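Colleague: I'll drop the sequence and a predicted model, then ask my questions.
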Amino acid sequence: MRVILSDPLASFADVFTDIETDRLLLRPLHEADRQAMVDIHTDPRTNRFHPDPPDVRRASEMFSAWLAHWAEHGFGYPAVLERGGTEVLGTCGVRLREFHGEKVLNLAYRFRPSAWGKGYAVEAGQAVLAWCAHELPSVPVLASVSTANKPSLRVAERLGFTEYTEEVYEGEMSRHYRR
């Protein structure tokens, strides 16, 4: 039986369970994932379109904020691994965010360069969007992408997002997609 809460953004502790796709496992973040996430988010190749890439301290603070979001809401940016694997390939998930006065789910995806070009972002994104449609159907999903980041723009479009608006966001011209 599915419980419908009157407040769609009420606490969802223990709502997110592991998601398996044909090739991937998406699971909640754990403290043991900190170094992998810091490495991914400080790699210059993963930040080539980021005007102010995080250093180790800031990436670790971001990770702490993600863990806090998981603790409060029961979902967030999960770790992505190959099924049966142990290496964290990246992250693909949603967090609550406010955008132009509206509460939305922010879809984010970032992978190690060794995982690029394999379709993992689209595969993981489809699984996350299916989870959102089932668990939080009344909350819109937004993806904000630098207009210079053509690979990430293609991922958003392959996931069925349509352009919502374009504006400067976090220091760069960004296209905001909405589903």
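Modeller: Thanks, I have the structure now. Numbers count the residues shown, from 1 in each chain.
Colleague: distance of residue 26 from residue 127?
Modeller: Residue 26 is 6 Å from residue 127, where distance means Cβ to Cβ, to the nearest Å. C-beta: built from backbone N, CA, C; applies to glycine.
Colleague: which residues do these two both contact?
Modeller: Shared contacts of residue 26 and residue 127 (Cβ atoms under 8 Å, 6 or more residues apart in numbering): residue 19.
Colleague: Who are the packing partners of the helix or strand of the chain with the lowest mean pLDDT?
Modeller: Least confident helix or strand of the chain, by mean pLDDT, DSSP states H and E, is strand 162-169 with a mean of 87. When contacts are defined as 3 or more Cβ pairs under 8 Å, 6 or more residues apart in numbering; DSSP states H and E, strand 162-169 sits against strand 172-178.
Colleague: The strand it packs on: partners in the sheet, and parallel or antiparallel?
Modeller: Strands that pair with strand 172-178, judged by DSSP bridges, come out as strand 141-146 (antiparallel), strand 162-169 (antiparallel).
Colleague: Please identify the most buried of those.
Modeller: strand 141-146 (a mean of 23; mean count of other Cβ atoms under 10 Å).
Colleague: and for the longest helix along the chain, what are the contacting residues?
Modeller: Secondary structure of the chain per DSSP state H: the longest helix is helix 56-73. Here helix 56-73 makes contact (Cβ under 8 Å, 6+ apart) with 11-13, 28-29, 31, 33-34, 37-38, 41-42, 54, 75-77, 95-96.
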